[in-house]
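[1] Next come a sequence and a model predicted from it.
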Amino acid sequence: MLIEMKNSALSQIGQRTPEPPISWLMQTALTRPRLISLAAGFTDNPSLPVAETRAVLNQILRSPKTGQSALQYGSTAGDPALRRLTAQHLQKLDGAHGENYPPERLLITSGSQQLLYMTAEALCDEGDIVFVEDPTYFVYLSILQSRGPRARGVRLERDGLDLAHLEKILTSLKRSGELRRVKLLYLVSYFQNPTGVTTSFEKKRGILKLLKQFERAAGHPIYLLEDAAYRELRFETVAAVCDRRFSDGMTNIRRSQTAATSYGEKSALAVPGAAERVIYAGTFTKPFATGARVGYGILPEPLFTTTRHIKGNHDFGTANLLQQLLARALASGAYAKQVARLQKRYAHKARVMKLALEKHFPSAVEWWEPAGGLYFWARLPKHIPTGVKSKVFQTALKNDVLYVPGELCYADDPARRKPNHEIRISFGNASEAEIREGIKRLGNVLKKFYDLPNL
Ligand SMILES: Cc1ncc(COP(=O)(O)O)c(C=O)c1O
């Protein structure tokens, strides 16, 4: 018989960890077959590399020698060949030389999600402060809520983080004596989840400069955690984006800058002298196969060693078979082919969504068109809430269409009222027909609410 107890045996962390919204959104998408989910970030089913993965796995399992080593435990830091290939891959993406991409400080993780969690564990105590973009990746907010640091939102502009706002917050924390609680700034730098915004290389340099400037008063390093999850899912070459924007007359990017630098092509690892303060989180899930949860991070010391120790406690190593799959895919060129295929595929799906938005959304809804990633971000007039309890969300659900309410992507920051009139819509998983139908349903729901003055 169960005895009623007065107190819970759950730890503080256990008690402040409710079901993350991501689990609920994914579960809802999976269990309602009629529902069109434009919400959780599943990727495009038909482009998952089934045949390529089968071929690589066959190679691995062809001989007892390669098969047995792949089916055995590996090391905590990861497969040496994959660490070396990943470091080379990153260096190539940055078009950079050398020492900022050392395989010895590269940790293979179970999705980049694990790295995000472990770095919070390694750096943050309850009550510490983490800067996030306002809005940001909502699953990261769940990590912070569970681990206990406070999130402070830094305003986001169309070309990335608002440096003046960051400086203002740092200055006010210095004044109030709280700077020592600031441990890191979390930045989703390419085609951000949820807004699609890319933070330019110049801004990354500016962020690092500012953080450094305030370190003396903090009394310890303040890190930049660059989450580059969507980096390789770009639709167009950087040059094409810049040229198009020039011809539109919409941009202030100067032609004299190299295109790669001006559009945030390089990571913060490429900022001279920055390696000591940059944690780079990357992933092979979005650009290859989301079900093969292999991610990675480059971390400065002593954080690398501590995080490796923490990973030792978590799982003492990412699934070896999956690591070998990725290593072979990278080495053989299968990975690069898959990325190129996905870029084309998502460019097409983004276009389908754009056309549907133009056709079905009320013109008063402002939406941002991304140049990569998986998301559109739409902003309704302020008096129309979109949160989970709102009439818009509930009516959308009744009409079998799901989006991510914008409010989930904002930190509980006492410095401002949480916006709740935005939505994130993804073209990742839905088919073209579903995108058209889903946006039509959502557009019809929104039209219903447009005439109502106050909800
Ligand atoms: C911004 C961002 N970072 C990290 C992740 C985690 O990805 P994974 O663990 O599959 O590498 C996601 C997944 O959606 C994401 O959107």
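    All right, it came through fine. Numbering: from 1, shown residues only.

[2] Next, count neighbours for the closest residue to K183 other than its chain neighbours.
    Using C-beta to C-beta, 6 or more residues apart in numbering and skipping the chain neighbours, the partner closest in space to K183 is L123 (4.5 Å). C-beta: built from backbone N, CA, C; applies to glycine. By other C-beta atoms under 10 Å, the residues close to L123 number 22.

[3] what's the spacing between L123 and the ligand?
    According to C-beta to the nearest ligand atom, to the nearest Å, L123 and the ligand sit 17 Å apart.

[4] show me what contacts that residue?
    Counting by C-beta atoms under 8 Å, 6 or more residues apart in numbering, L123 makes contact with 183-184, 223, 303.

[5] filter these down to the ones near the ligand?
    On the criterion C-beta under 6 Å from any ligand atom, none of the entries of those sits beside the ligand.

[6] Which members of those are classed as buried?
    Among those, those buried by neighbour count (16 or more other C-beta atoms under 10 Å) are 183-184, 223, 303.

[7] L141 - that's part of a helix, no?
    Yes. The assignment for L141 by DSSP: H, G, I helix; E, B strand; the rest coil puts it in a helix.

[8] Surely it and R150 touch.
    No. Taking C-beta atoms under 8 Å as the definition, L141 is not a contact partner of R150, at 11.0 Å.

[9] who has more neighbours, those two?
    Each of L141 and R150 has its neighbours counted (other C-beta under 10 Å); L141 has more, 23 against 19.

[10] For the ligand, see how far away the more buried one is.
    From L141 to the ligand the distance is 11 Å (C-beta to the nearest ligand atom).

[11] residues contacting that residue?
    132, 151, 408-409, 411.

[12] Inside strands: which ones of those?
    132, 151 (DSSP state E).

[13] The ligand contacts on the stretch 151-300 of the chain?
    Checking the stretch 151-300 of the chain against the ligand by C-beta under 6 Å from any ligand atom, the hits are 188, 193, 227, 229, 283, 285, 290, 293, 295.

[14] so where do the helices sit in the stretch 251-400 of the chain?
    259-262, 303-314, 320-332, 334-360, 391-398 (DSSP state H, counting those that start in this stretch).

[15] deepest of those, which one?
    Each of the helices of the stretch 251-400 of the chain was scored by mean neighbour count; the highest is helix 320-332, a mean of 21, by mean count of other C-beta atoms under 10 Å.

[16] and for that one, what are the contacting residues?
    Residues outside helix 320-332 that contact it (C-beta under 8 Å, 6+ apart) are 49, 52-53, 56-57, 59-60, 66, 69-74, 78-79, 81-82, 85-86, 89, 108, 284, 288, 292-294, 334-335, 338.

[17] Can you select the buried ones among those for me in PyMOL?
    Only the buried entries of these go into this PyMOL selection, using 16+ other C-beta under 10 Å:
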select buried, resi 49+52+53+56+57+60+70+74+78+79+81+82+85+86+89+108+284+288+292+293+294+334+335+338
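
[18] Next step: the contacts of helix 320-332 restricted to strands.
    Among those, the members falling in strands (DSSP E) are 108, 294.

[19] nearest residue to R105 other than its sequence neighbours?
    Counting by C-beta to C-beta, 6+ apart, F304 is the residue found nearest to R105 once chain neighbours are left out, at 4.7 Å.

[20] separation between the one you found and A55?
    As judged by C-beta to C-beta, to the nearest Å, F304 and A55 stand 34 Å apart.

[21] now Q68
    According to C-beta to C-beta, Q68 and A55 sit 20 Å apart.

[22] okay, these two: which has more neighbours?
    Under the neighbour definition other C-beta under 10 Å, Q68 and A55 were set side by side, and A55 has more, 14 against 10.

[23] residues contacting that one?
    Taking C-beta under 8 Å, 6+ apart, we find A55 in contact with A334.

[24] From the ligand, how far out is it?
    23 Å.

[25] now V278
    Counting by C-beta to the nearest ligand atom, the gap from V278 to the ligand is 16 Å.

[26] residues in contact with that residue?
    V278 makes contact with 208, 223-224, 226, 267-269, 271, 298, 300, according to C-beta under 8 Å, 6+ apart.
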